[in-house]
Structures are given as structure tokens and as C-alpha cells.
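J.: Got a sequence here, can you build the structure:
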Amino acid sequence: MATVSLRGVNKSFGRHQVIKDISLDVEEGEFVVLIGPSGCGKSTLLRMIAGLESITTGELLIDGKRMNDVPPRERGISMVFQSYALYPHMTSEKNMSFSLRIAGVSETDRKQKVQHAADILGLSSYLERLPRQLSGGQRQRVAMGRAIVREPSVFLFDEPLSNLDAKLRVKMRAELKELHQKLKTTTIYVTHDQVEAMTLADRIVVLRDGVIEQMGAPLDLYDAPANAFVGTFLGSPSMNLFDGEIRQGEPDAVYLPDGERFPLSQRSEHRGQVQVGIRPENLKLVAQSDPNTITAEVVVVEPTGSITEIVLRKGERDFTITSSERLNLQAGETVSLAADANAIQVFEADDKLLLNESA
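T.: As a prediction, this is how the structure comes out:
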């Protein structure tokens, strides 16, 4: 295991700066997920740690040693890519042992290391198969096995599950988490899938435009996002945002444009225009309206089995709620909703910074 530290790291391609003064410490054995929209710089940052991209300014330290100019093969890392990148003419065993053979490891040691990795990954029955004879999940496990046999101090994963179908992604997520629990190797994982981030990470780093917006434990970011971007990026369905106003003399409520309001559990010091963030599970259908409820029109009802997702419309804004009940609602129907005041987030209207969390 090893620590990984970035100190004021920047990356530019010509005049275009894609990584902007990022500092980050990854502890021994930690599973850190880098997440953000396409083009935010997460894969570039991972490639810089791997040594596949140069660092324009700043420092990369692995176990306290400066690695900026150290070749990738000497950094003690293994990387698993989005594409499996397996040699099509080699068996699983030969794909997994190839780097060891190049490094001059004896055949006996190679076989021992490959068998150990195959046992961990459930590949023992597939070692003599070619990549074309394997399923997508099995190919990805071979790619992971190729990384494991090198016994790295750091694993790097660049969207390794994005080529798999939805059911297989769920299975592979569980296998990745189990793998980390067994090996306890420091891991940095890039994804655009917030469900992967929430389920796999010890700590999530949210990136936007080459800058870290927030980092912390998954549920901490979910419950207390630093701004509306983080709030809406994490969570499925996404956090709902409403335009609102905190009026002079009424610091314990946020009024929506149509005059309806959400109560706040704490008095706000802010006055004027704001944005209100509410998770879908924190808006509940109620039988009767009162001063602390809002009304909306049903647009679509989507039963998924365990929960029902309901898309609603208020004015020109659509939003989503979730319910564990199987509801008999019709499109066009008007319903009343109450919000959990303790779960309401208030953001500034312009730069979307968190004003207060009413907890």
C-alpha cells in the first residue's frame, strides 16, 4: 500500500488549462473515486498519476517520493482501462502473466501469481480461454488480474465498467468492492457514474472544469453538498432545485414564485432570491394542503417495483419524487406535497454556494 499526494497540480494543453491547482491526499488502503461530468479533467488527472500525461506544474508524490519524472513502470502502480486491452491471440493466463514475463519473473513465480489472482477473481476455470471465448465481465476480470499479478502499491481504474451492460455493472461493482476489501490496496477510480461513486468510495472527489468542487465521504456529500452542482450531480434521481425567495420578516420559510412555500427548520440570515434543493425522497404526497405544502401536476408515473418515481410539474419546472408505495395517480392530476424541513438545502441564486443546511 502507498499514499498518493498531489500538490498544486496543473495541466495545460497549449493555452487550454484542464487541471487547475489541484491538491489531494490519498491515504494508504483508501478507495478514492474521482467523479464529474465529461471534460471535467478526471481521466487526465488519473493519467498524470499513472505517468501517461506529464504534469505542467506542481508535484506528484507516491509514498512521499516525487514522481513527476519517474517512468510509469517504476511508479509501483497498475492501471485498468475502460477497454480491456487484452491480446486477442493470448490465453487469459498469458495475458495476465505477460508483464511478469517481460520483467524477467521466473515461470514458477508467474504461475503462482496468476493462480493467486485467478482464485481471487474466480477465473481459475478460464485461464486457457482466449478473450473471444470470454464474456465482457470475464474479460474485465482478466484485465484486473493482469493488474493484480504485478502486486502494485496503487491501483488506478479509468471507467472500467462503462462497457458492460447494466446488470453486469452491478455485479462487477460488488466484485470490485470485495476485491478491495481482500487486497486493501490504495485505489483511485474514475467514473462518471454517481451510483458507482456512492457504492464504491471511501471518499469521493467531485470535479468540475478542472477544479475540485468538494470531497468527502459519500453520504456526507449527499446530505450536505457544498453547492447546487454537487447536490444535483450526486443522487439518482437527481436533487430537485426550485427558485425561491426568503422574505424580510419571514426567515423561517422559502417562498416559491407562485406564493407557495417550504418551511425551514432553522431561521435563515439571508434575504432575497435563493435556490432550494430537495431530494426526491424528502418530498411526500399528503392528503390535504396547508401553508407549508406545495401543489404540483402529475406528468408521468414510473413504477420500478421497489419504488415509484413520479415526475411532477410546477409552473415551468419539472421535478421528481420517489415513494415506496404503489400509487394510483393519473397524468394531469393535481397533488399536494410536504417537504422534510430538516432536509432542505438553501443555495445562493447566482453562484449556487450553500447558504445553510437546515439540519
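J.: what number of residues lie near the nearest residue to I77 once chain neighbours are set aside?
T.: Counting by Cβ to Cβ, 6 or more residues apart in numbering, the nearest residue to I77 once its immediate chain neighbours are dropped is V154, at 4.4 Å. Every C-beta, even on glycine, is put in place using the N, C-alpha and C of the backbone. By other Cβ atoms under 10 Å, 23 other residues sit near V154.
J.: in the stretch 51-200 of the chain, which spans are helices?
T.: For the stretch 51-200 of the chain, the helices defined by DSSP state H, counting those that start in this stretch occupy 92-102, 107-121, 136-148, 166-183, 194-200.
J.: Same list (those helices) but as JSON lines, adding mean pLDDT, mean neighbour count and distance to I310.
T.: As requested, these are arranged in JSON lines below (pLDDT from 0 to 100; neighbours: other Cβ atoms under 10 Å; distance: least, Cβ to Cβ, whole Å):
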{"stretch": "helix 92-102", "mean pLDDT": "94", "mean neighbour count": "20", "distance to I310": "47"}
{"stretch": "helix 107-121", "mean pLDDT": "93", "mean neighbour count": "16", "distance to I310": "41"}
{"stretch": "helix 136-148", "mean pLDDT": "91", "mean neighbour count": "23", "distance to I310": "34"}
{"stretch": "helix 166-183", "mean pLDDT": "90", "mean neighbour count": "15", "distance to I310": "22"}
{"stretch": "helix 194-200", "mean pLDDT": "93", "mean neighbour count": "20", "distance to I310": "20"}
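J.: Take those helices and write them to JSON lines, including distance to E128.
T.: What follows is these, written out as JSON lines (distance: least, Cβ to Cβ, whole Å):
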{"stretch": "helix 92-102", "distance to E128": "7"}
{"stretch": "helix 107-121", "distance to E128": "11"}
{"stretch": "helix 136-148", "distance to E128": "12"}
{"stretch": "helix 166-183", "distance to E128": "22"}
{"stretch": "helix 194-200", "distance to E128": "31"}
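J.: So for H16, which of those sits nearest?
T.: helix 194-200 (26.1 Å; Cβ to Cβ).
J.: on contacts alone, who are the packing partners of that closest one?
T.: Here helix 194-200 touches strand 31-35, helix 166-183, strand 186-191, helix 218-223, going by 3 or more Cβ pairs under 8 Å, 6 or more residues apart in numbering; DSSP states H and E.
J.: Parallel or antiparallel, list what pairs with the third one.
T.: This points to strand 186-191. Sheet pairing of strand 186-191 (DSSP bridges) gives strand 31-35 (parallel), strand 154-158 (parallel).
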